[in-house]
Each structure stands twice: as C-alpha cells, then as structure tokens.
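In: Structure for this input, please:
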Amino acid sequence: TFRCKLHLLTRWQPAYSNKRSPEYTRSARSIQQAMVTLLNSVPGEKIIQVSDMKQARGSGNILVTVDIMHADETDQKNRMRQLVRGQLERGSLGSSAVNSQFFSFEEPRAPPIPRACPPEKHRCPGGRCAGRCDGINECLDGSDEHNCPAVGVDVGSLVTSLTPPSCSGDASGPHLCQDGSTYACFCDQKIECPGGEDEDESKCFEGCEPGTVSCDFGTQCIPESQLCDNVADCQDGTDEQGCTTVPPPPSCSGDASGPHLCQDGSTYACFCDQKIECPGGEDEDESKCFEGCEPGTVSCDFGTQCIPESQLCDNVADCQDGTDEQGCTTVPRCEPGTVSCDFGTQCIPESQLCDNVADCQDGTDEQGCTTVPRKYP
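Out: Take a look at the predicted model:
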C-alpha cells in the first residue's frame, strides 16, 4: 500500500473540505481516473482512491492525498513512483494543473501484526484480522472469502442461495485506514480502523435534505434532478445505475456550445445556468448574467446579450452566437412605390432602379438593366 501526495494548482475553496460537495467529488473523480490511466501498465491488482483534500500550507492551492492499494508478487514501488513523478513534471494530471516541484510517494507505517486472530476471523497478508466467509472482501487479496462453503437454505428439495451481506453505505471497499490497514464499509456503525476514522461522525450522516437523494456511498447527497441524467454526479456512480430510460444528454438553456475554459484551465459546459462549475465561479458571474431584456429588445440564445427587435433577420449577425439570423423564412415587405433589394433588408424608390447609381447595398438595383436609364428632374 502506498500513499501519494501532490499539489493541485487549483484555488482552495471551503467546499473541498466536504467530501459530499460537488467540487470535491468532481475533482476526486478526475484525479482518480487520471491515476488509474497512468498506472495501468503496472502489473498487479490496484485500488486507487482519493482519501483527502486540504489547503496546502503557504499557498491557496490544494494538497491531495491519493491511496494506492497494490497487490503483486513483485515490488513495483519504484516504477509507480517514477510514473507519477514523470507525469507531474509535465505540469498536469488529467485535466488539472499540478505543482511539479512538490511530490511524495511513501508506504504508510505498517500496523502491528497480531499474535493470533480469533477462531472466527482470518488474518490478511497485511496482518489485519478480517471476518471469514461473511460475503465481504476485507483483505486486499480477497483471501478472507476464499474456499468458503456454499451458503443456502434448504426448502424441500430446493436450495435457495442467500445474497452475501453488503454495506448499506459504501460497498466498494476495501479502503485504507490511517495506519495502513484496511476496512470494508464506511459509516456502517462498525468500527474497523484502529483510529475509528471509518466511523467519523463528522462525515457520517442520516438522510438528505428535501429534494435531494443519497448516493449508495452514504456520505453524499445530490439533487433529485441529477438522477439518470447521463452524468455521474455520485462519487460511486450510483445515480446513473438502474435507469430504465435513456434521457437526452443535458443541454444548456443558454449556451450549448461548451465546453469553455475556466480561469484555472479546467472546463465548464454551461454559462449562467445557476450551476457553478469553475473553481472561481466565473461561469456564473452575476455581472454577466441577467434575466430578461428591455421592451423592444430580444435575447440572444447565448443568454447574455439583448438586441433591438429590428435587428432580427436583417442578414447581419448582431448576436454573438448568430441566433438572430437563424430560422428566418420571410423577407420584409416594401412600401408602395419602393422595391426590395435582393439582399432582402433594404427598400429603395422605384425611380432609383437602373439610374447608374448603386443605391442598394448589394448593387442589385443596377443589375439586369437592358434599357438606357431614364433621367429624372
């Protein structure tokens, strides 16, 4: 088991101290995926998790702790350290900018090996006593669930299999305790870590606020509207599991042309959609977001610009997103005694046709003239 610490060049926000916050889960998921990809070539079973984020001393950046639980016959510590160091020297990890000058990669102090485990327990290779054949993989190598007898209930001549017990909160263990040992379930009212951090009351809670639902991980609530929206908002991804219908991909009511760039180099999808995606919140800048337009003006689809109604369908893109010239099917009429230029947005007196003077912006009033133009007093 290894513990890696690195600096993200992302501005610290109090939300990162709450593992249930969207900011924490979004960053943790991004870092975890980047580390999985980076270490994919290293042989052996690996479980990679972001265990902590806190403000780095002396800066406004984020100190991230990543735990790497690795089971292999060969020692791959140096190889993994070199891979991580090499990536950090490039200045990025996934979509996050990182400090290439700070990096630590070490093995947590091993827990003391007990002299003996109780008869009903199994000793993991790391020395921890784990429940034997209880349906929960507590040892990293799963040895506590090896060679277990079939579990069932006789019903006449039938045998009905029982579902192995699972965690009501986080069933994706094992996870790393602070002393280097492992635990299976987080906030399940069973203390497994010597320091009790798997049952930290400040991180365990009951229920979610109205209008929100709990993820299976048990320490995160998300709005009901984020269920089955093709975006994994839960850290464990359970908000996108068991969805019977496939909804259309989420789109912005304002700007659907994302992604766009945040000031720190990360990206966001929607501008002024009441969902803060940038660490600095610039995607929801109140000075640039507004509601409605003044009378006689209309809003562009981009959502941050109003133009006069007279500029709709005038063959000039007045909106930054060009939507004032989309869906135009009619050409404005001209007053009696005037004619329309081919451009469709200008009327001129009939007397100006074929007078050797280009009165239309597109010059069409002087095109196709077959007779000598009349002279007018």
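In: Can you pull out the low-pLDDT segments for the stretch 151-300 of the chain?
Out: 151-174, 180, 183, 186-189, 200-210, 216-220, 244-260, 268, 271-274, 286-295 (pLDDT under 70).
In: do you know how far the residue most central in space within the chain is from Asp285?
Out: Residue closest to the average C-alpha location in the chain (CA atoms, centre = their mean): Arg26, at 4.7 Å. From Arg26 across to Asp285, the span is 20 Å (CB to CB, to the nearest Å). Where you see a C-beta, it was placed from the backbone N, CA and C, and this is true even at glycine.
In: what pairs with Cys347 across the strands?
Out: Counting by DSSP bridges, Cys347 is bridged to Ser340.
In: from memory it sits against Thr338, does it?
Out: Yes - at 4.3 Å, Cys347 counts as touching Thr338 under the criterion of CB atoms under 8 Å.
In: On the three-state scheme, the residue nearest to the centre of the chain is what?
Out: helix (DSSP: H, G, I helix; E, B strand; the rest coil).
In: Distance check, it against Ile48.
Out: Counting by CB to CB, the gap from Arg26 to Ile48 is 17 Å.
In: do the same with Glu145
Out: In this view, Glu145 and Ile48 are 22 Å apart by CB to CB.
In: where exactly do the helices run in this structure?
Out: Per DSSP state H, the chain carries helices over the ranges 22-38, 77-89.
In: most tightly surrounded among those helices?
Out: helix 22-38 (a mean of 18; mean count of other CB atoms under 10 Å).
In: List the contacts of the nearest residue to Gln76 once chain neighbours are set aside.
Out: Of all residues not flanking Gln76 in the chain, Val42 sits nearest, at 5.1 Å (CB to CB, 6 or more residues apart in numbering). Shown in contact with Val42 (CB atoms under 8 Å, 6 or more residues apart in numbering): 70, 72, 76, 79-80, 83.
In: Mind doing that once more with 10 Å?
Out: Listed by CB atoms under 10 Å, 6 or more residues apart in numbering, the contact partners of Val42 are 68, 70, 72, 74, 76-77, 79-80, 83.
In: Including distance to Gln101, could the residues you listed go into JSON lines?
Out: As requested, the contacts of Val42 are exported to JSON lines (distance: CB to CB, whole Å):
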{"residue": "Ile68", "distance to Gln101": "21"}
{"residue": "His70", "distance to Gln101": "26"}
{"residue": "Asp72", "distance to Gln101": "30"}
{"residue": "Thr74", "distance to Gln101": "30"}
{"residue": "Gln76", "distance to Gln101": "25"}
{"residue": "Lys77", "distance to Gln101": "22"}
{"residue": "Arg79", "distance to Gln101": "22"}
{"residue": "Met80", "distance to Gln101": "20"}
{"residue": "Leu83", "distance to Gln101": "18"}
